[in-house]
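S.K.: Let me see the structure of the following:
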Amino acid sequence: MTITVVTGTNTDVGKTVVTAAIAAAALAARRTIAVLKPAQTGVAPGEPGDVAEVQRLAGQVTGLELARFPDPLAPATAARRAGRAPVRPREAERAATRLAGDHDLVLVEGAGGLLVQLDEAGSTLADVAGLLAAPVLLVVQAGLGTLNVTALTAEALRARGLRCQGVVIGSWPAEPDLAARCNLADLPEAAGAPLLGAVPEGAGALTPPDFRAAAPTWLAPELDGTWNATRFAAQQRS
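M.R.: Now for the predicted structure:
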């Protein structure tokens with residue numbers, strides 16, 4: 001079975017759109033896909049959450065959300081304020097393992113960054129990845145400041161014996177500045193893992209057919225795409 005945990009260096013770095021792109025590329029490669037969101041925060045009952053957005057953009061994806069809390073806060077805090085039980089790592093592990101029995105790829109999308117707390121015991125998405133023995137894909141920002149938080153997250157992964165599968169830039173600007181262009185070379189060093197893609201800013205606003213057609217061009221072959229980091233960096237310099 002193949003399970004990948006998707007996390008970010010912060011909120012609003014493009015995790016959900018990257019997850020959708022990975023799902024779309026995998027579907028194009030004729031693989032069956034499931035997306036698991038252990039804890040969805042900041043969304044009211046009946047409103048579409050991150051799983052629904054992945055399904056809208058990518059297509060025929062099995063989606064599962066274990067819990068939903070209305071406040072846009074860390075899952076542990078949002079659960080406490082809602083007076084509800086939090087999601088614990090073992091619940092996420094069991095759900096991902098069940099999904100993996102029927103799908104070629106399971107994407108477990110976290111909330112916020114790697115060490116955002118899931119419950120009052122201080123459990124995090126890193127604990128979920130550890131229980132699953134799954135690689136972690138890191139979604140990062142393009143520009144100034146991203147190297148520090150990328151290095152910190154990668155260090156936290158290594159300290160827990162977890163493997164960083166690679167880095168994907170969640171929103172590559174239409175007009176990248178000097179910092180963003182330099183970061184194409186520096187991000188793999190900061191992460192100790194390869195750069196596996198760059199999703200263009202505004203990709204989530206594309207129509208679903210256009211998104212699905214383009215997704216493989218944003219991702220490296222390791223993620224069922226055709227994107228090449230060396231070629232991409234050369235294009236940014238021209």
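S.K.: which non-adjacent residue is nearest E91?
M.R.: L66 (6.0 Å; Cβ to Cβ, 6 or more residues apart in numbering). For every residue, glycine as well, the C-beta is placed using N, CA and C.
S.K.: From P86, how far out is that neighbour?
M.R.: From L66 across to P86, the span is 10 Å (Cβ to Cβ, to the nearest Å).
S.K.: quick one, which of those two is more surrounded?
M.R.: The neighbour comparison of L66 against P86 (other Cβ atoms under 10 Å) goes to P86, with 22 against 15.
S.K.: got the phi/psi numbers for the more buried one?
M.R.: P86 adopts backbone torsions of phi -80, psi 170, taken as degrees, to the nearest 10.
S.K.: Pretty sure the residue nearest to E91 sits against K37.
M.R.: Yes: taking Cβ atoms under 8 Å as the definition, L66 is a contact partner of K37 at 7.2 Å.
S.K.: who's in contact with the residue nearest to E91?
M.R.: 36-39, 87, 91-92, 95 (Cβ atoms under 8 Å, 6 or more residues apart in numbering).
S.K.: before we move on, what about V35?
M.R.: Shown in contact with V35 (Cβ under 8 Å, 6+ apart): 19, 23, 51, 54-55, 61-64, 106-107, 109.
S.K.: Tell me the first helix or strand C-terminal of the host helix or strand of it.
M.R.: Using DSSP states H and E, V35 falls within strand 33-37. Going down the chain from strand 33-37, the next helix or strand is strand 40-41, by DSSP H and E.
S.K.: What are the contacting residues of that next one?
M.R.: Here strand 40-41 makes contact (Cβ under 8 Å, 6+ apart) with 49-51, 65, 67-75, 78, 111.
S.K.: Try it again at 7 Å.
M.R.: Strand 40-41 is contacted from outside by 49-50, 65, 68-69, 71-73, 75, 78, 111, using Cβ atoms under 7 Å, 6 or more residues apart in numbering.
S.K.: same deal with stretch 110-118?
M.R.: Residues from elsewhere that reach stretch 110-118 (Cβ under 7 Å, 6+ apart): 5-11, 38-39, 41, 74-76, 86-89, 123-126, 153, 156.
S.K.: what's the span of it, first residue to last?
M.R.: With Cα to Cα, to the nearest Å as the measure, the ends of stretch 110-118 fall 10 Å from one another.
S.K.: Check stretch 74-92 too.
M.R.: Counting by Cα to Cα, you get 16 Å between the two ends of stretch 74-92.
S.K.: Got a quick ChimeraX command for the buried subset of the contacts of stretch 110-118?
M.R.: Selection of buried members from those for ChimeraX, criterion 16 or more other Cβ atoms under 10 Å:
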select :5,6,7,8,9,10,38,39,41,74,75,76,86,87,88,89,123,124,125,126,153,156
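S.K.: Show me which residues of stretch 157-173 are buried.
M.R.: Neighbour counts over stretch 157-173 (16+ other Cβ under 10 Å) mark 157, 162, 164-172 as buried.
S.K.: Among the residues you listed, name the ones in helices.
M.R.: Under the assignment DSSP state H, the buried residues of stretch 157-173 contribute L157 to helices.
S.K.: Now render the buried residues of stretch 157-173 as a markdown table, adding pLDDT and distance to A179.
M.R.: Formatted as a markdown table, those follow (pLDDT from 0 to 100; distance: Cβ to Cβ, whole Å):
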| residue | pLDDT | distance to A179 |
| --- | --- | --- |
| L157 | 98 | 24 |
| L162 | 98 | 28 |
| C164 | 97 | 22 |
| Q165 | 97 | 24 |
| G166 | 98 | 21 |
| V167 | 98 | 16 |
| V168 | 98 | 18 |
| I169 | 98 | 12 |
| G170 | 98 | 16 |
| S171 | 98 | 14 |
| W172 | 98 | 13 |
